[in-house]
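> could you look at this predicted model? Sequence included:
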Amino acid sequence: MTRSPFHRLVFGTLRRLLYLWVRSETINQSAFTLKLDRSKPVFYVLQLPSLSDLAVVDRECRKAGLPRPVLPVRVGKLEEPAAFFYLTPEPDWLGRQDKRGSSPTLARLVAALSQQAVDDAQIVPVSVFWGQSPDRETSAWKLLFADSWAVTGRLRRLVSILILGRKTRVQFSSPIHLRELVEQDKGHERTLRMVQRMLRVHFRNQKTAVIGPDVSHRRNLVKGLVHGPLVRQAIGEECERSGISPEKAEAQALRYGNEIASDYAYTAIRFLELVLSWFWNKIYDGIRVNHIEGVQEAAQGHEVIYVPCHRSHIDYLLLSYLLFRNGLTPPHIAAGINLNMPLIGGLLRRGGAFFMRRSFKGNPLYTAVFNEYLHTLFSKGFPVEYFVEGGRSRTGRMLQPKTGMLAITLRSFLRSHRLPVVFVPVYIGYERVLEGRTYLGELRGASKKKESIFDIFKVIGALKQRFGQVWVNFGEPLKLAEFLDQQQPDWREQDYAGQFRPAWLNETTHRLGQRVAQRLNEAAAINPVNLVALVLLSTSKLALDDSALARVLDLYLALLRQVPYSPHTTLPEGDGRALIDYVKGMDLLAEQRDALGKILYLDEHNAVLMTYYRNNVLHIFALPALLASFFQSSARISREQILRFTEALYPYLQSELFIRWEVEELETVVDQWLAAFVGQGLLKLEGDVYVRPAPSSRQFVLLTLLSRAIAPTLQRFYMAIALLLNAGQNLISAEELEDLCTVMAQRLSILHGLNAPEFFDKSLFRHFIQTLQDQGVLLQDEAGKLGHHVKLGELVEGAAKRVLPAELRLSIRQVALERGEQAPASQ
């Protein structure tokens, strides 16, 4: 095709007119770093015929000093009239377009290389995005005309240019060397089809990376769910069970599908990004993102499932916002059906939320449709996000994983593992959580309120409050196939067709939940607020003088730098004094001055709230605090004794707090912590024996403060065992023991002033009792009553003497004894 001078004149005039208004830029300046061999022909390929796109590319090439696409280029002895072509050929004069046809320019290039007429030719794919400048877009309604997966007509393109032309981005990709493809010697036609296929995949992936996946056919996706084999089977069973026609059952399945499915729209994502940019800047001092590089690497070729911790309703908004800002596709998000409210629900659905009922029990048809929907998302490679904790943590601790979504994911993967699945833990740490006032009531004992996204808007009236920064740490990705290889080496050899569930599925899902929770805790963000909370809540009066608090904070920072919890854990900047000033600036510390200096303390309001932030990082300090507690009643302990006591207590701490180290690693980690204690002067080493400082020394005070971080947890453990032993063999059930523990904890918290609201959390007692059963310490008889080893009392008392004050042990035993004396009278 010859480009006449007239055509060039028309194109030049169009480009000049276009750039009276249009402003374009090259994404990441990649055009300036292209490794082009100028001695060989360079051709640009655009996905669809568009003179406006071509004009923008020509302008960017001139700016970058690259060969221009509209100028002739020599290929061997022949001369091509222009150095560009469209992947989809231009329509003929009647407007007909052969979408499967190939570009004549590309066909001639392949032929020239096949005939050795030229050494090589370089093809550079170029994408043009209109209205794609998220750093500068300030008009929400303009987003309606931004690029999307929808088919764009000439009128819409003209409107887009007029409205969004000043926000246009161009992305040049690495050149494709045709010689490498021709040398595969597959013949002219096959080589031509191979090049076209590569380019189609490239353009689709490029568009997905920039504007997200194509889910424009939601109606077809929902209809497709009904034809899944497991849904068809559930429809048949529903007909038999309810006595309805197949048509009614299928219609019900379609209603379920529409209730569940998201309506992912890129324009909604852009709108939310605009609104949230204002929100974060209004509320927070900044968002710190760490280790996202590992996610960008893991996202290549994997089905990515984001599993964040759940602290606030804004967790999912924050994560989607950050992923979008960092060039990653925002995920489809599992949301509770309670969030499907008027206006809010529609916006969330278009932002990627799909809604699920709290319980699937008694509704196998809904279960089948939901499972099929998740399987469709997984198999098509859409990133997905859900919270393994189920609900928001009201105490600041990592909650016990709810394995429902993990089980669905695991069954889907076993059914078809075409795409490898990778779990990406995301730890979100707030210096002040938005729902703090709501949580405060629950921490004080108020009943849990029904979740509502409107909790977020309650803070609007309190915007004068300083909320500090948000820390978002991406943890180490967990590849599902590798996990299964460790847990069930023969998993690939089994047939998972139909509704077959292997016997090992439940136990493996439980272990997967534990591993995910551990990976989440590994990525914890230690910030000034939770570090100050940890220290002051370990004091008897919730107060320290200014210099003493600074010393303790400096000590903790030094210990954490010497024995890092994990490569993904982050520490705050600055020393202890800087941390104090920062927390005071957030109005979380009260101050009293006298002639001797300043005393910093927690008032009643903040003392309860700060337990939430302390609990965010309690797992990091649990092991060193346990080691410190051994020296509260013993001046000298051998290394062998320390290891024995630690190994006895550690499994219960690990199970409750999701600590990362396995028992096999414990010896090495304990040695590291003991060496750190010696290095900081908290202990002395005499041969194989560790010696504590004098009780009157500053170092002993520091060691005591550290030990108190884990004291409430150890007290709960001792309390449960004391009540069990006092009840006698096979006379009390797990549920009865759980209730008794809760009542005793509430009493002791008043008698001993224990300022830890989770101290009488029934779920923590339940989990401890279950762990005792898992460890074989407790056995359940046929009647459901608990029996124990005859030497349990002796072993527990020996350990308790090492870690608990005598006064508290006596008080716990006394309360347990009083309960035992009252029990016969009440029976």
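That came through, no problem. Since the structure is predicted, the reported quantities are computational estimates derived from the model, not experimental observations.
> look at the closest residue to Arg432 other than its chain neighbours and report its pLDDT.
Using Cβ to Cβ, 6 or more residues apart in numbering and skipping residues adjacent in sequence, the residue nearest Arg432 is Phe467, 4.5 Å away. Any C-beta I mention is one placed from the backbone N, CA and C, and that applies to glycine too. What the model reports for Phe467 is a pLDDT of 89.
> Phe467 touches Glu435, doesn't it?
No. Using Cβ atoms under 8 Å, Phe467 is not in contact with Glu435; the gap is 11.4 Å.
> angles on the backbone of the residue nearest to Arg432, please.
phi -100, psi 0 (degrees, to the nearest 10).
> ok, it - how many residues close by?
20 (other Cβ atoms under 10 Å).
> what's the neighbour count on Ala694?
Residues lying near Ala694 (other Cβ under 10 Å) number 10.
> pretty sure it contacts Phe700?
Yes. Using Cβ under 8 Å, Ala694 is in contact with Phe700, at 6.4 Å.
> residues touching the residue nearest to Arg432, list them.
Ile283, Tyr284, Asp285, Tyr430, Glu431, Arg432, Leu434 (Cβ atoms under 8 Å, 6 or more residues apart in numbering).
> farthest pair within those residues?
Largest separation among the contacts of Phe467 by Cβ to Cβ: Asp285 and Leu434, giving 14.1 Å.
> the more surrounded of the two?
Neighbour totals were compared for Asp285 and Leu434, and Leu434 leads with 22 against 15 (other Cβ under 10 Å).
> please parse this protein into its domains.
5-211, 218-522, 526-616, 618-709, 711-826 (automatic domain parsing).
> and the fourth one, average pLDDT?
This points to domain 618-709. 94.
> can you give me how far that domain is from the chain middle?
32 Å (Cα atoms, centre = their mean, to the nearest Å).
> try stretch 116-133
So, by Cα atoms, centre = their mean, the centroid of stretch 116-133 is 36 Å from its chain's centroid.
> in the protein, which helix is the longest?
Taking DSSP state H as the assignment, the helix of the chain that covers the most residues is helix 188-211.
> same question for the helix or strand that comes right after that helix: list its buried residues.
Sequence-wise, the next helix or strand downstream of helix 188-211 (DSSP states H and E) is helix 218-226. Neighbour-count burial for helix 218-226 flags Arg218, Leu221, Val222, Leu225, Val226 (criterion: 16 or more other Cβ atoms under 10 Å).
> ok, so of these, who is nearest Tyr316?
Looking across the buried residues of helix 218-226 and measuring by Cβ to Cβ, the closest to Tyr316 is Arg218, at 19.8 Å.
> how about the strands in the stretch 701-827 of the chain?
778-780, 786-788 (DSSP state E, counting those that start in this stretch).
> please enumerate residues in contact with the first one?
Just to be clear, that refers to strand 778-780. Leu724, Ala734, Ile769, Leu772, Gln773, Leu786, Gly787, His788.
> cool, and the last one?
Defining contact as Cβ under 8 Å, 6+ apart, one finds that strand 786-788 is touched by 724-725, 729-730, 732-734, 737, 769, 777-781.
> if you set the cut-off to 6 Å instead, what comes out?
Gln729, Asn730, Ile732, Leu778, Leu779 (Cβ atoms under 6 Å, 6 or more residues apart in numbering).
> strand partners of that strand, parallel vs antiparallel please.
Strand 786-788 sits in its sheet next to strand 778-780 (antiparallel), going by DSSP bridges.
> and the partner strand, average pLDDT?
90.
> wait, what's in contact with the nearest residue to Arg200 once chain neighbours are set aside?
Using Cβ to Cβ, 6+ apart and skipping the chain neighbours, the partner closest in space to Arg200 is Leu87 (6.7 Å). If you count contacts by Cβ under 6 Å, 6+ apart, Leu87 has them with Val45, Gln47, Leu199.
> what's downstream of the helix or strand harbouring the first one, the next helix or strand?
It stands for Val45. Secondary structure from DSSP H and E places Val45 in strand 42-46. Scanning forward in sequence from strand 42-46 by DSSP H and E, the next helix or strand is helix 51-64.
> how close does Leu792 sit to Glu389?
32 Å (Cβ to Cβ, to the nearest Å).
> what's the burial count for the closest residue to Leu657 other than its chain neighbours?
Spatially, and ignoring its direct neighbours in sequence, Leu657 is nearest to His619 (3.9 Å; Cβ to Cβ, 6+ apart). Around His619 there are 23 other residues, counting by other Cβ under 10 Å.
> and the residue nearest to Trp504 when sequence neighbours are not counted, how far from Leu414?
Nearest residue to Trp504, sequence neighbours excluded (Cβ to Cβ, 6+ apart): Gln488, at 5.5 Å. Shown here: Gln488 relative to Leu414, a distance of 10 Å by Cβ to Cβ.
> looking at these two, which has the bigger crowd around it?
Leu414 (20 against 16).
> once you drop chain neighbours, what's closest to the more buried one?
Using Cβ to Cβ, 6+ apart, the closest residue to Leu414 is Tyr496 (4.2 Å).
> pretty sure that neighbour is in a strand, no?
No. Looking at Tyr496 with DSSP: H, G, I helix; E, B strand; the rest coil, it is coil, so not inside a strand.
> ok, it touching Ser412?
No. Using Cβ atoms under 6 Å, Tyr496 is not in contact with Ser412; the gap is 9.9 Å.
> so which other helices or strands are in contact with the one helix or strand Leu531 maps to?
Of the helices and strands defined by DSSP H and E, Leu531 is found in helix 528-536. Contact partners of helix 528-536 among helices and strands, from 3 or more Cβ pairs under 6 Å, 6 or more residues apart in numbering; DSSP states H and E: helix 576-585, helix 604-616.
> what's the following helix or strand after that helix?
Taking DSSP H and E, what comes next after helix 528-536 is strand 543-545.
> can you pull the poorly scored residue ranges out of the stretch 701-827 of the chain?
Within the stretch 701-827 of the chain, the stretches with pLDDT under 70 are 751-757, 818-827.
> ok, the residue nearest to Gly346 when sequence neighbours are not counted - how many residues close by?
Excluding its sequence neighbours, the residue lying closest to Gly346 (Cβ to Cβ, 6+ apart) is Asp263, at 8.0 Å. Look at Asp263: counted by other Cβ under 10 Å, it has 18 neighbours.
> surely Asp263 and Leu348 touch.
No. In terms of Cβ under 6 Å, Asp263 does not count as a neighbour of Leu348; the distance is 9.9 Å.
> contact partners of stretch 706-724?
538, 621-622, 625-626, 628-629, 632, 737, 740-741, 744, 756, 759, 768, 796, 800, 803, 812-813, 816.
> buried stuff in stretch 587-604?
Leu588, Leu589, Ala590, Ile599, Leu600, Tyr601, Leu602.
> also stretch 68-82?
Arg68, Pro69, Val70, Val73, Val75, Glu80, Ala82.
> OK, contacts around the third one?
Counting by Cβ under 6 Å, 6+ apart, Val70 touches Asp58, Ala82.
> check the gap between it and Glu758 for me.
Counting by Cβ to Cβ, the gap from Val70 to Glu758 is 69 Å.
> and the next element down the chain from the helix or strand of the chain at the bottom of the mean pLDDT ranking?
Sorting the helices and strands of the chain by mean pLDDT, DSSP states H and E puts helix 154-164 at the bottom, at a mean of 62. Note on helix 154-164: by DSSP H and E, the next helix or strand toward the C-terminus is strand 168-172.
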